[in-house]
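> build me a structure from this.
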Amino acid sequence: MKLYCLSENPNAPCLLLTFKGTSIMLDCALDLSPLMHFLPLTLVPSARLSKLATWKPSDNVASKALSQDLKECGGQVFVDSEPEVCVPEIGIVDMSTVDVILISNHHNMLALPFITEYSGFKGTIYATEPTLQIGRQMMEELVEYMERVPKRRKSTQWKKPNILKLLPASLKDALYLSSWKKCYTKHDINSCMSKIQKTSFGEKLPLYGALTMVPMSSGFCLGSSNWVIQSQFEKIVYMSGSSFLTTHSTPISQEPLKNPDILLLTGVTQTPTHNPDSMLGEFCSNLTVTIKNGGSVLVPCYPSGVIYDLFECLSGYMDSVGLMQTPMYFISPVADSSLAYAQIFSEWLCAPKQSRVYLPEPPFPHAELIKNGRLEHFSSLHGDFSSQFKTPCVVFAGHPSLRCGDAVHFIELWGKSSNNTVIFIEPGFPYLEALAPFQPLSMKACYCPIDTAMSYAQANKMIKDLKPLHVVVPNKYQKPPVSQPLRTDLVIEADPAPMSFHRGEVLNLPIRRHSEKIELTPELANSLAPTEVKPGVLVSTVTGILNARDNRFILEELPRPPSNGASQSPVPRKRKRDDDASALSGVHPKQYVYGTLDLEEFVQSLIKHGIPDVKVEETASGHIVLLAQSEDTIIQIEEGSTHIFCDGNEPLRRKLKDALISCLPTF
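Down below sits the predicted model:
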């Protein structure tokens, strides 16, 4: 069994598992961190950004090649081009040989169009219904943000090695530049989505008869899954983005994950020093202070996930502090479908929200907020939004990287006033880096990451409960975070010590195929004659032909030879292989002996078979039987074995064999 690591970010995983002749890709997430190196895409041409100074290296040749590619802002250098993303390292594998892709949640499928449309992949993709639909929404939002503000310039010169070495550290040390790509298109998304097969929690998905794959609830978000991959004798569990918190999604299912041979663990919290509950309280208090001071609040966010819980918690909190008249705006190209799908995925929700469906009431309160006009959603800033917009207000908009989307416009609009606040809730982007292209900035910035993924303490406790034989984790989980180098509790621990991996590495996992299940045909099973060798244990000989097909092994009866009177077939037959001939020759023993040889009984049996003069000598390991009539014959009897040495006297050897077999039980 081998594991290929195709991504560096533990929270944007992409792994390839090969076992029993199959290849399984586990997630194909898109690493969005390269967005931080690019200038934002603004809806309205920004005079401030257009006036940024061009960064030029000391080398004149490189300076001419770069032209206007790089801009300097606040002491940092940014690429003035269409933003790029980092795709998985699919070049180290032949994607046409990958049999299946298993998706754990909607965050971990954003690289799928690169795989399905540009890599030669021809296999099957499995994901739950919510994962498929919400993943589509996130892809469509990202593409819409990129396409609606196209960049005229295509900057590529800065990636050349002779120029790259002259750039500032932020760009010079950027990782995996060869995997940075422009985003896909809407056509790619539609083509990709048509190739995904929907599945449900607990559904057994066979893979060529060799393995069974089962998705189980991970509790992280709507439709998120942990995958159990099993053969007859091996069990692999893949966990990515699991949560033990009580949120809107179905709780994690732990029982089916227990006692695996291999536990692959990714998706542990990105903010281990920030408790989600305390961050939610801090979010509400910062928002309240801003609104009461006459300012507005911007919340850069994804169009799905934690915002469903935020709408519910925030509306109740604002009621309690007398801010019920403050409007909330949700702006996204997929805002309408996101809110609608959340209400119809009732079977994927936690029990309290499922019970509301039977009242009947909407599972989420945002339907009531929309009805009362407290929450309004828009696809863009154009049209109805401009006529209904009023301040102070709370705006939820994308993209959380602040490199594209409507959030960029609000930063430009509100950034000059210290009354306004931007609150970062998504943990995937460092907020200071996100704000860097907008400096100097007067509006307040609060970092309140709400990451519901399991903590390191929860992960270590879970490992003890699941009792895996081996644990495999990203190498970043083997040492404390860079920001907390002394926090040795912020690592993954197991006994034996976990195996670790990083991008581009291939691991040989400690699993070997020792056994396979074989089925007997009914005809062959009926021909068996079991013998009880000890209470509860029966043994029988079996002879047949093993038929191996589609990873199923079936033992069939030997074909019976044709009778002498049978008519010969006029159809010419292929010459039989040597092993077929030997299988039909009937040279197998008719019976097998077992048990322990009784020495006294054996001596009496020798006398009965006409060998009277017998001498028995005791040795350190057993006994030696000597025959008077043949000095060259020795019978060596030890515990578990009997050896007869008889050179050149075949009749005597047969007598000794018959005497020995008569003293042992047979089957």
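
> number of residues surrounding S527?
The number of residues packed near S527 is 14, by other C-beta atoms under 10 Å. All C-beta atoms are positioned from the backbone trio N, CA, C, and that covers glycine.

> wait, it touches L555, no?
No: taking C-beta atoms under 8 Å as the contact criterion, S527 and L555 are not neighbours in contact, 11.3 Å apart.

> for this structure, what's the longest helix?
Secondary structure assigned by DSSP state H gives helix 129-148 as the longest helix of the chain.

> what residues of it count as buried?
Under the neighbour-count criterion of 16 or more other C-beta atoms under 10 Å, helix 129-148 has 129-146 buried.

> for the stretch 51-200 of the chain, which spans come out with low pLDDT?
For the stretch 51-200 of the chain, the stretches with pLDDT under 70 are 59-65, 67.

> now do the chain
Screening the chain residue by residue with the criterion pLDDT under 70, one finds the ranges 59-65, 67, 562-590, 648.

> quick check: buried residues in the one helix or strand A340 maps to?
Using DSSP states H and E, A340 maps to helix 335-344. Neighbour-count burial for helix 335-344, with 16+ other C-beta under 10 Å as criterion, is recorded at A335, S337, S338, L339, Y341, A342, Q343.

> can I get the residues you listed in a markdown table including distance to M213?
A markdown table is the format used below for these (distance: C-beta to C-beta, whole Å):
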| residue | distance to M213 |
| --- | --- |
| A335 | 34 |
| S337 | 29 |
| S338 | 28 |
| L339 | 32 |
| Y341 | 25 |
| A342 | 27 |
| Q343 | 30 |
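
> and the two most separated of those?
Using C-beta to C-beta, the buried residues of helix 335-344 span at most 13.4 Å, a distance reached by A335 and Q343.

> quickly list what's touching both of these two.
Overlap of the contact sets of A335 and Q343 (by C-beta atoms under 8 Å, 6 or more residues apart in numbering) is empty.

> restricting to C-alpha, output the longest helix of the chain in PDB.
What follows is helix 129-148 as a C-alpha-only set of coordinates in PDB (Å, rounded to 0.1, in the frame of the first residue of the first chain):
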ATOM      1  CA  GLU A 129     -25.700  15.800  -2.300                       C
ATOM      2  CA  PRO A 130     -25.000  18.800   0.000                       C
ATOM      3  CA  THR A 131     -21.200  18.600  -0.800                       C
ATOM      4  CA  LEU A 132     -21.900  18.500  -4.500                       C
ATOM      5  CA  GLN A 133     -24.400  21.500  -4.500                       C
ATOM      6  CA  ILE A 134     -22.500  23.700  -2.100                       C
ATOM      7  CA  GLY A 135     -19.200  22.900  -3.800                       C
ATOM      8  CA  ARG A 136     -20.700  24.000  -7.100                       C
ATOM      9  CA  GLN A 137     -21.800  27.200  -5.500                       C
ATOM     10  CA  MET A 138     -18.300  27.900  -4.200                       C
ATOM     11  CA  MET A 139     -16.800  27.200  -7.600                       C
ATOM     12  CA  GLU A 140     -19.300  29.400  -9.400                       C
ATOM     13  CA  GLU A 141     -18.800  32.300  -6.900                       C
ATOM     14  CA  LEU A 142     -15.000  32.100  -7.300                       C
ATOM     15  CA  VAL A 143     -15.200  32.000 -11.100                       C
ATOM     16  CA  GLU A 144     -17.800  34.900 -11.200                       C
ATOM     17  CA  TYR A 145     -15.500  37.000  -9.000                       C
ATOM     18  CA  MET A 146     -12.500  36.300 -11.400                       C
ATOM     19  CA  GLU A 147     -14.400  36.800 -14.700                       C
ATOM     20  CA  ARG A 148     -16.400  39.900 -13.900                       C
END
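
> which SSE is immediately downstream of that helix?
Sequence-wise, the next helix or strand beyond helix 129-148 is helix 161-164, with elements assigned using DSSP H and E.

> in that following helix, what's buried?
Taking 16+ other C-beta under 10 Å as the basis for neighbour counts, the residues of helix 161-164 that come out buried are I163, L164.

> mind checking which helix or strand I229 is in?
Secondary-structure element containing I229, defined by DSSP H and E: strand 225-230.

> longest strand in the protein, please.
When every strand of the chain is counted residue by residue (DSSP state E), the longest turns out to be strand 630-638.

> packing partners of that one?
When contacts are defined as 3 or more C-beta pairs under 8 Å, 6 or more residues apart in numbering; DSSP states H and E, strand 630-638 sits against strand 622-627, strand 641-645, helix 650-661.

> same for the shortest one, what does it pack against?
Yep, that's strand 641-645 we're talking about. Contacts of strand 641-645 with other secondary structure elements, assessed using 3+ C-beta pairs under 8 Å, 6+ apart, are made with strand 630-638, helix 650-661.

> how about the longest one: buried residues?
By neighbour count, and taking 16+ other C-beta under 10 Å as the criterion, the buried residues in helix 650-661 are L652, R653, K655, L656, A659, L660.

> adding distance to P215, write the residues you listed out as CSV.
Compiled in CSV, these are given as follows (distance: C-beta to C-beta, whole Å):
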residue, distance to P215
L652, 69
R653, 64
K655, 67
L656, 64
A659, 64
L660, 59
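
> of these, closest to W55?
Using C-beta to C-beta, L660 is the member of the buried residues of helix 650-661 that lies nearest W55, at 93.1 Å.

> is it correct that the closest one is in contact with E601?
No: the pair formed by L660 and E601 falls short of the contact definition of C-beta under 8 Å, at 10.4 Å.

> next, the angle strand 225-230 makes with the helix or strand where M216 lies.
Counting by DSSP H and E, the secondary-structure element that holds M216 is strand 211-217. In this structure, strand 211-217 runs at an angle of 150 degrees to strand 225-230, with axes from the mean of the first three to the mean of the last three C-alpha atoms, to 10 degrees as the basis.
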